[in-house]
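> Quick one, fold the following:
(2 chains)
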There are 2 protein chains.
Amino acid sequence: MRWKGLLETYRPYLPVNESTPLLTLQEGNTPLVRAENLSNELDLDLYFKYEGLNPTGSFKDRGMVMAVAKAMEEGSRTIMCASTGNTSAAAAAYAARGGLNCIVLIPNNNIALGKLAQAIIYGAKVIAIEGNFDRALEIVREITAKHPITLVNSVNPYRIEGQKTAAFEVCDQLGGAPDYLAIPVGNAGNITAYWKGFKEYYEKGKSRSLPKMIGFEAEGAAAIVRGEPIPNPETIATAIRIGNPATWKGAEAAAEDSGGQINFVTDDEILHAYKTIAAREGIFAEPASAASIAGVMKLKREGYFEKGQRVVCVLTGHGLKDPNIAIKSVAAEPVVVKDSEAAVMEAIRKLEG
Amino acid sequence: MRWKGLLETYRPYLPVNESTPLLTLQEGNTPLVRAENLSNELDLDLYFKYEGLNPTGSFKDRGMVMAVAKAMEEGSRTIMCASTGNTSAAAAAYAARGGLNCIVLIPNNNIALGKLAQAIIYGAKVIAIEGNFDRALEIVREITAKHPITLVNSVNPYRIEGQKTAAFEVCDQLGGAPDYLAIPVGNAGNITAYWKGFKEYYEKGKSRSLPKMIGFEAEGAAAIVRGEPIPNPETIATAIRIGNPATWKGAEAAAEDSGGQINFVTDDEILHAYKTIAAREGIFAEPASAASIAGVMKLKREGYFEKGQRVVCVLTGHGLKDPNIAIKSVAAEPVVVKDSEAAVMEAIRKLEG
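Numbering: from 1, shown residues only, chains lettered A, B, ... in the order given. Predicted coordinates:
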């Protein structure tokens, strides 16, 4: 009854052979929570795939466990990435678990240490360069091409292999694919991975249908929707603040082949959805995660769905990943009253309205 | 294959009847991760019960889902607690899910909003009183005794009923009880709940043995070890900074009846363990959580265990709950180098040693 982690559970579908270490932090097996309140409101059969309950708090663990296991299989002693967020945390955790070194390259401009603290706690070594993020990624590519150091940024092909397991889980948890799979789109690797997973499960006869893939970029970073790279992308949803998605073509193919679409949502729509799922369903996700449900709300207003259709929204990371947005987005000061039962009861009655 | 949450999964062992709503955020079913690296080092068969992967990031969800479901069954429209931490987050999340109001009472002295942001995002209403924490709890008790508002602090008896399910899961995941169950002790409700759970599973024939319960207080809050309340408890492990545990007798009974013990660990031992499990096993837990593994390391040094004994350490909350401790406890500044392959490779070689 103990969950064995992704490599063992989905071994027949993954590039796992006899030499691949079955590395795991028991990633995956994340909740698929029915939106009991919002399903009624939106006339849908709505679910959240809550990826924030992966070990490091985001879906990145799925791809990283596969990438790091393959690095170990190939005899690598060190992995490397350019990242200031969820990727570096996942890389560092699996490197720690596997006994590898983890090097994180970042630009030396106003990096908030808070975002990197998780990677550092897992033992990653951070190097800042006098250059921007693109230059950091370039150097990672140069170094890993020449030295026995494994690149674990999203160009590592094993990342998508691991990430596709989320689609398997959705099918296993629902007893089949949903009508729609709604997902935030930043670098576009995740929508590509889900679509690959749904197709593989369908081809192997494990599900009897395919979902329509609907992906949502943030308005200020909507390169795919606009059809051109965005030089200076801006959105409060930092995890999808990407102006030139690495897997652009994969996202377009997923939307087109499945009969879905790539669309965008505004920061206001993202923040509204972020607060709504917490206050109405008790689910706290990263702002970027809320792009999926914000997109579903937008398409619902436009008459896109039929009544009762089954929609799964991917929530990519835990709300605790970005506590500052939570603090900023809620009214700051509590009501202060005297320390008497009467004073507190009066305040409660006012709050209850 | 979809996990149904605690009330449905462990229904025969819980106060769930036909009128009890099967409230859930799919809490429980948390990973039991083998400590692959530390097991060798400590000559133990060591596991972590990683409770930080509950929906709100701590074990509190187990007790709260039961308490809130019973409040709903009893027709309550509002729940209330005095808390500035994990309890208020769990209460607010389940209240949101169940459509109840949640009132959180706090003292109006230097409360860091960050600690409360999670509860507020879930929709809790916060009232600060001109008095201390004990006075806040007193007022909660007075109000909930007189009005149709349900108290969900740890004196609510359903909390322990829900929390005992963690012991069931440990047995189900291991195929039986471990030799030792190591657990942080603050208010002492959790060790009491685990022991109740282990006994019930044993009595019903679901496990063939009972573990020895070993509980660890923080040195500056070690009321049970010292045998008297601590007026001003101090420890960096805020989640167990409690000078007069509510379930004191329960903790003593668990230790005595099982042949275990209540002991304490220093803040240095807690921080060392906190960093060790992140950097060696890839597991990031709240500082208070690390009291369990710090305690096991201490007892190991004292020759307490036999080689190969099976020990489960409870990690009560996710490391992301307290990012400031993470930032403070790691070296602050990254190495800065030029943006060239050669400069970065030189830095890597130095870091690899």
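
> The one residue in the stretch 51-200 of chain A that gets nearest to chain B: what's it in contact with?
With CB to the nearest CB as the measure, the residue in the stretch 51-200 of chain A that lies nearest chain B is residue A:131; the distance is 3.2 Å. C-betas here are computed from N, CA, C, even on glycine. Listed by CB atoms under 8 Å, 6 or more residues apart in numbering or on different chains, the contact set of residue A:131 reads A:107-108, A:139, B:339.

> Go again with 6 Å.
Shown here is residue A:131, whose contacts under the criterion CB atoms under 6 Å, 6 or more residues apart in numbering or on different chains are residue B:339.

> Residue A:173 too?
A:32, B:2.

> Just after the helix or strand harbouring it, pick out the following helix or strand.
Residue A:173 belongs to helix A:165-174 when assigned by DSSP states H and E. Heading C-terminal from helix A:165-174, the first helix or strand you meet, by DSSP H and E, is strand A:180-184.

> does any part of whatever helix or strand comes next after that following strand sit near chain B?
Downstream of strand A:180-184, the first helix or strand assigned by DSSP H and E is helix A:189-203. No. Helix A:189-203 lies apart from chain B when judged by CB under 6 Å from any CB of the partner chain; the minimum separation is 13.3 Å.

> Phi and psi next, for the residue of the stretch 51-200 of chain A closest to chain B.
Recorded main-chain torsions at residue A:131 are phi -170, psi 180, according to degrees, to the nearest 10.

> sorry, back to before: the helix holding residue A:173: how far from the chain's middle?
Centre-to-centre, helix A:165-174 and its host chain are 15 Å apart (CA atoms, centre = their mean, to the nearest Å).

> what's the angle from that helix to helix A:189-203?
Computed with axes from the mean of the first three to the mean of the last three CA atoms, to 10 degrees, the direction of helix A:165-174 lies at 50 degrees from that of helix A:189-203.

> How about the secondary structure of residue A:252?
Here residue A:252 is recorded as helix under DSSP: H, G, I helix; E, B strand; the rest coil.

> For burial, what's the neighbour tally of it?
The local packing count at residue A:252 equals 18, with neighbours defined by other CB atoms under 10 Å in any protein chain shown.

> Retrieve the pLDDT associated with it.
Confidence per residue is given as pLDDT, and for residue A:252 that number is 98.

> How about residue A:353?
At residue A:353 the predicted local confidence, pLDDT, stands at 69.

> same thing with residue A:225?
Per-residue pLDDT puts residue A:225 at 98.

> Settle this for me: it is touching residue A:255, isn't it.
No. Judged on CB atoms under 6 Å, residue A:225 makes no contact with residue A:255 at a distance of 10.4 Å.

> Point out where chain A drops to low pLDDT.
A:1, A:110-112, A:331-332, A:353 (pLDDT under 70).

> just the strands in it please.
Assigned by DSSP state E, the strands in chain A fall at A:32-34, A:45-50, A:78-82, A:101-107, A:125-129, A:149-151, A:180-184, A:212-218, A:261-265, A:310-315, A:335-337.

> and residue A:8, how many residues sit next to it?
The burial count assigned to residue A:8 is 13, neighbours taken as other CB under 10 Å.

> got it, and residue A:18?
Residue A:18 is flanked by 5 other residues according to other CB under 10 Å.

> For it, give its distance to residue A:11.
Taking CB to CB, to the nearest Å as the criterion, residue A:18 is separated from residue A:11 by 11 Å.

> for residue A:169, same thing?
With CB to CB as the criterion, residue A:169 and residue A:11 are 15 Å apart.

> interface residues of the stretch 101-250 of chain A facing chain B?
By the rule CB under 6 Å from any CB, the part of the stretch 101-250 of chain A lying against chain B is A:101, A:103, A:108, A:113-114, A:117, A:120-123, A:125-131, A:135, A:139, A:142-143, A:172-173.

> Out of the residues you listed, which end up buried?
A:101, A:103, A:108, A:117, A:120-123, A:125-129, A:131, A:135, A:139, A:143, A:172-173 (16 or more other CB atoms under 10 Å in any protein chain shown).

> residue contacts, residue A:136?
Residue A:136 makes contact with A:82, A:105, A:107, A:129 under the criterion CB under 6 Å, 6+ apart.

> Okay, and the beta partners of the first one?
On the basis of DSSP bridges, residue A:82 is bridged to residue A:105.

> That one - how many residues pack around it?
As a measure of burial, residue A:82 has 24 neighbours, counting by other CB under 10 Å.

> quick one: residue A:314 and chain B, what's the gap?
15 Å (CB to the nearest CB, to the nearest Å).

> Can you tell me, leaving aside adjacent residues, what's nearest to that residue?
Excluding its sequence neighbours, the residue lying closest to residue A:314 (CB to CB, 6 or more residues apart in numbering or on different chains) is residue A:183, at 4.4 Å.

> number of nearby residues for that neighbour?
Per other CB under 10 Å, the neighbour tally for residue A:183 reads 30.

> How about the contacts made by it?
The neighbourhood of residue A:183, defined by CB under 6 Å, 6+ apart, consists of A:191, A:215, A:292, A:314.

> what's near enough to touch the spatially most central residue of chain A?
What sits nearest the mean C-alpha location of chain A, by CA atoms, centre = their mean, is residue A:316, with 2.8 Å. With contacts taken as CB under 6 Å, 6+ apart, residue A:316 has the following neighbours: A:51, A:59, A:184, A:289.

> Now with 10 Å, please.
Shown in contact with residue A:316 (CB atoms under 10 Å, 6 or more residues apart in numbering or on different chains): A:49-52, A:54, A:57-60, A:86, A:166, A:183-184, A:186, A:190, A:237, A:239-240, A:285-286, A:288-292.

> from the contacts of residue A:183, which is closest to residue B:262?
Proximity to residue B:262 was ranked across those by CB to CB; first place goes to residue A:314, at 43.9 Å.

> hang on, isn't the closest one packed against residue A:190?
Yes. The pair residue A:314 and residue A:190 passes the contact test of CB atoms under 10 Å, sitting 7.2 Å apart.

> can you list residues touching both of these two?
Any residue near both residue A:314 and residue A:190 by CB under 10 Å, 6+ apart counts here, and that gives A:51, A:59, A:166, A:183-184, A:215.

> rewinding a little: output the contacts of residue A:183 in TSV, with neighbour count appended to each entry.
What follows is these, written out as TSV (neighbours: other CB atoms under 10 Å in any protein chain shown):
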residue	neighbour count
A:191	33
A:215	31
A:292	30
A:314	27
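
> State the distance from residue A:212 to chain B.
As it turns out, when the distance is counted by CB to the nearest CB, residue A:212 lies 22 Å from chain B.

> How about that residue, nearest residue that isn't a chain neighbour?
In space, not counting the residues next to it along the chain, residue A:212 is nearest to residue A:260; the distance is 4.0 Å by CB to CB, 6+ apart.

> isn't that neighbour right up against residue A:181?
Yes. Residue A:260 lies in contact with residue A:181 (CB under 10 Å); the separation is 7.9 Å.

> So for those two, which residue has more residues nearby?
Shown here are residue A:260 and residue A:181; by other CB under 10 Å, residue A:181 has more neighbours (30 against 20).

> if I pick the more buried one, what's in contact with it?
Listed by CB under 10 Å, 6+ apart, the contact partners of residue A:181 are A:49, A:166-167, A:170, A:191, A:194-195, A:197-198, A:210-215, A:254, A:258, A:260, A:292, A:310-314.

> Appreciated, that's everything.
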